[in-house]
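Undergrad: One predicted model, sequence on top.
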Amino acid sequence: MTIERFFQNMDASFSGYEDISFIDTESDRYIWFYMPSIKTETSVVAEEIRNYIDLLRFTLSQITPGKLFIVFTMHEMYSVKTITSNNDISKAISSYNNSIYELANSNNNIKIIDFSTFLNRFSINELIDWKYYFISQMALNPRLSNSFQEWLSIQIRSIELNRKKCLILDLDNTLWGGVLGEDGIEGISLGGDYPGKAFSFFQHQIEELGKHGIILCVCSKNNIEDVKELWEKHTEVILKEEHFAVLKINWINKADNIRQLAEELNIGLDSMVFIDDNPAERELVKTNIPEVEVPEFPEQPYHLPAFFKEIAERYFAIYSLTTEDLSKTEQYKQNAQRESSKKLFTNMDDYIKSLNIEIHISQVNNITLQRVSQLTQKTNQFNLTTYRYTDADIKHFIQNNARIFTLSVSDKFGDYGLTGVCISVIKDNIADFDTLLLSCRILGKRIEEAYVYYILKELKEDGIKMVKAKFIPSAKNLQVKDFYEKFGFNLLSEKEGIKEYKLDLIEREISLLDNYSYK
């Protein structure tokens with residue numbers, strides 16, 4: 001098939017039709033996209049499909065192990081069944097799809113994109129324009145190319161584990177029907193018959209987002225006492241206070257509330273999605289905080305399932321979950337407790353000591369590899385180079401003997417999870433820090449300094465004589481532009497904001513910081 005038009009937003013090269021005689025081994029990533037050919041002989045098509053999996057296995061054997069390889073599932077776009085019991089093509093497609101999932105299960109650089117999630121948006125008459133097929137062998141309607149590119153960009157973001165972090169929710173006529181302050185607990189629509197059943201279903205779906213690592217918050221003009229009474233007494237309510245990381249239930253304008261939410265959670269405004277039934281409130285946030293995504297809310301409750309599907313797939317899709325994703329809301333609640341505790345101290349060292357901080361530094365493994373990739377994709381503020389890597393890229397580093405130090409932190413309030421990464425490329429007794437990053441959740445306690453001193457000490461003990469490092473400026477990481485200098489790194493050059501450093505470890509004495517327990 002001719003498919004160039006659908007990938008024209010990418011810097012990509014294309015094979016010939018079924019031609020895998022030349023495979024560019026220098027490419028960064030690969031996409032494997034086959035559709036069944038459109039022929040009248042079903043046995044011929046079925047045999048072609050069975051052959052595709054052999055072609056795929058051969059192609060995989062030719063590329064550098066660990067490079068990202070995206071495979072589309074196969075689906076039949078057009079068929080004519082005069083013998084209804086003949087399912088040769090269906091069986092061949094099913095076998096093909098099962099085979100690619102098996103390959104992905106045993107090779108974490110292979111990622112599967114379910115092509116049916118795109119095809120199901122359109123009717124058969126929309127999917128194929130026969131004029132274009134006969135003119136240029138383009139089976140997929142070229143009028144769908146923009147929709148395809150938008151859909152594919154969402155799929156790739158999910159593979160790169162790059163999604164929005166926080167969903168901010170209004171309450172009245174958003175999580176339930178009616179206005180709590182006017183209608184009372186008994187008067188709102190939630191559960192039971194329509195429209196309450198639709199709002200109940202919507203709350204269940206949002207609850208699942210929370211379980212999958214999305215931070216849930218409330219931003220509502222309401223009396224907080226009324227809302228807490230509803231959470232306590234209404235028998236059909238699903239989302240209660242414990243589901244939310246932060247509550248902004250007051251009469252302050254919502255743009256200001258959202259800014260405070262971002263500050264308290266220590267996340268960027270561009271990682272937030274705001275849902276509100278009121279067009280005036282949506283417009284206020286759009287105008288004052290354009291970084292926040294503000295989708296249009298449906299006018300009728302029966303549109304809520306379709307609305308949820310759209311926002312979930314557009315903003316919150318992720319290829320797979322890490323351990324840290326599953327406890328995200330609890331982690332942010334624990335952080336609020338830390339901030340409250342901090343106010344009791346006037347001396348920072350005393351505060352840090354009171355937390356009983358435990359630092360666990362280890363090498364990346366198959367369990368933590370995906371989380372490491374996720375952190376490179378979404379960490380912006382404390383990120384010295386802002387290089388973005390997939391888990392396939394991380395595996396490629398490992399295969400080339402890089403040392404990847406992961407940082408996990410816990411204290412008396414709970415577990416932060418894996419929150420730091422240092423990728424050190426080793427060559428000739430020199431370590432080059434390709435990446436150094438920490439989640440903003442653990443900043444402000446000198447953990448970043450303890451982490452780097454530990455790494456430097458271990459590298460020296462392993463015979464490393466020199467460390468090289470780099471700072472590459474971005475829109476959000478200027479707070480760390482002088483970070484390496486506090487460790488005595490020598491500035492070698494600075495051009496257009498890019499700084500290059502080196503540190504001689506031979507004569508350098510390195511000690512670990514006090515006030516932390518190292519494991």
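TA: Structure received.

Undergrad: hey, let's count contacts and neighbours off CA atoms from now on
TA: OK.

Undergrad: residues making contact with the top strand by length along the chain?
TA: Longest strand in the chain by number of residues (criterion: DSSP state E): strand 414-427. Contact partners of strand 414-427, identified using CA atoms under 8 Å, 6 or more residues apart in numbering, comprise 324, 331, 334, 371-372, 375, 397, 401-410, 431-439, 441-442.

Undergrad: May I see the domains of the protein written out as residue ranges?
TA: Domain ranges of the chain: 4-159, 166-315, 344-518, per automatic domain parsing.

Undergrad: could you dump these to TSV with distance to residue 338?
TA: Shown next, in TSV, are the domains of the chain (distance: least, CA to CA, whole Å):
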stretch	distance to residue 338
domain 4-159	31
domain 166-315	12
domain 344-518	7
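
Undergrad: Dump the ones you listed into a markdown table; add mean pLDDT as well.
TA: As requested, those are exported to a markdown table (pLDDT from 0 to 100):
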| stretch | mean pLDDT |
| --- | --- |
| domain 4-159 | 90 |
| domain 166-315 | 95 |
| domain 344-518 | 92 |
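
Undergrad: Output those in CSV; the columns should cover mean neighbour count.
TA: Converted to CSV, those look like this (neighbours: other CA atoms under 10 Å):
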stretch, mean neighbour count
domain 4-159, 15
domain 166-315, 18
domain 344-518, 18
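
Undergrad: re earlier: list the strands paired with the longest strand of the chain, with their directions.
TA: Strand 414-427 pairs in its sheet with strand 403-411 (antiparallel), strand 430-438 (antiparallel), by DSSP bridges.

Undergrad: Select, out of those strands, the one closest to residue 497.
TA: strand 430-438 (16.9 Å; CA to CA).

Undergrad: Now do the SS call for residue 362.
TA: The three-state assignment at residue 362 reads strand, by DSSP: H, G, I helix; E, B strand; the rest coil.

Undergrad: mind listing what it touches?
TA: Counting by CA under 8 Å, 6+ apart, the residues that residue 362 touches are 405-407.

Undergrad: would TSV of the strands paired with strand 414-427 with distance to residue 389 be doable?
TA: Formatted as TSV, the strands paired with strand 414-427 follow (distance: least, CA to CA, whole Å):
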stretch	distance to residue 389
strand 403-411	13
strand 430-438	10
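
Undergrad: So which of those strands is nearest residue 185?
TA: So among those, strand 403-411 is nearest, using CA to CA, at 39.9 Å.

Undergrad: So which residues make contact with the closest one?
TA: By CA under 8 Å, 6+ apart, strand 403-411 touches 355-364, 372, 398, 415-426, 451, 455.

Undergrad: hmm, 7 Å instead?
TA: Outside of strand 403-411, the residues within contact range by CA atoms under 7 Å, 6 or more residues apart in numbering are 355-364, 415-425.

Undergrad: Repeat that for stretch 92-105.
TA: With CA under 7 Å, 6+ apart, stretch 92-105 has contacts from 46, 49-50, 53, 73-75, 110-111.

Undergrad: so what's residue 333 scoring on pLDDT?
TA: Predicted confidence (pLDDT) for residue 333: 73.

Undergrad: circling back: dump the C-alpha coordinates for the longest strand of the chain into CSV.
TA: Taking Å, rounded to 0.1, in the frame of the first residue of the first chain, the C-alpha atoms of strand 414-427 are listed here in CSV:
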residue,chain,number,x,y,z
GLY,A,414,6.0,7.5,53.1
ASP,A,415,7.7,6.4,50.0
TYR,A,416,8.5,8.9,47.2
GLY,A,417,9.3,6.0,44.8
LEU,A,418,12.0,6.1,42.1
THR,A,419,12.6,9.8,41.6
GLY,A,420,16.1,10.3,40.2
VAL,A,421,18.2,9.1,37.3
CYS,A,422,21.8,9.5,36.3
ILE,A,423,22.9,8.0,33.0
SER,A,424,26.7,7.7,32.9
VAL,A,425,28.4,6.7,29.7
ILE,A,426,31.7,5.0,30.5
LYS,A,427,34.7,5.0,28.2
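
Undergrad: Please compute how far it lies from its chain's middle.
TA: 17 Å (CA atoms, centre = their mean, to the nearest Å).

Undergrad: cool, and stretch 481-494?
TA: Distance of stretch 481-494 from its chain centroid, counting by CA atoms, centre = their mean, is 31 Å.

Undergrad: how much space between residue 154 and residue 314?
TA: In this view, residue 154 and residue 314 are 6 Å apart by CA to CA, to the nearest Å.

Undergrad: what do you get for residue 222?
TA: Distance, residue 222 to residue 314, using CA to CA: 29 Å.

Undergrad: show me where the stretch 151-300 of the chain has strands.
TA: 166-169, 215-221, 246-250, 272-275 (DSSP state E, counting those that start in this stretch).

Undergrad: need the ones you listed in CSV with distance to residue 143, can you?
TA: As requested, the strands of the stretch 151-300 of the chain are exported to CSV (distance: least, CA to CA, whole Å):
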stretch, distance to residue 143
strand 166-169, 33
strand 215-221, 37
strand 246-250, 44
strand 272-275, 30
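
Undergrad: Of those strands, which is nearest residue 3?
TA: Going by CA to CA, the one of the strands of the stretch 151-300 of the chain nearest residue 3 is strand 272-275, 33.5 Å.

Undergrad: If you count contacts, what does the closest one end up packed against?
TA: Judged by 3 or more CA pairs under 7 Å, 6 or more residues apart in numbering; DSSP states H and E, the packing partners of strand 272-275 are strand 166-169.

Undergrad: Note down every partner strand of the strand it packs on and its orientation.
TA: Under the criterion DSSP bridges, strand 166-169 sits next to strand 215-221 (parallel), strand 272-275 (parallel) in its sheet.

Undergrad: quick one: which of the ones you listed is nearest residue 126?
TA: Of all the strands paired with strand 166-169, strand 272-275 sits nearest to residue 126, with 31.5 Å by CA to CA.

Undergrad: In a markdown table: the contacts of residue 362, plus distance to residue 503.
TA: Listed next are the contacts of residue 362 as a markdown table, based on distance: CA to CA, whole Å:
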| residue | distance to residue 503 |
| --- | --- |
| 405 | 18 |
| 406 | 21 |
| 407 | 22 |
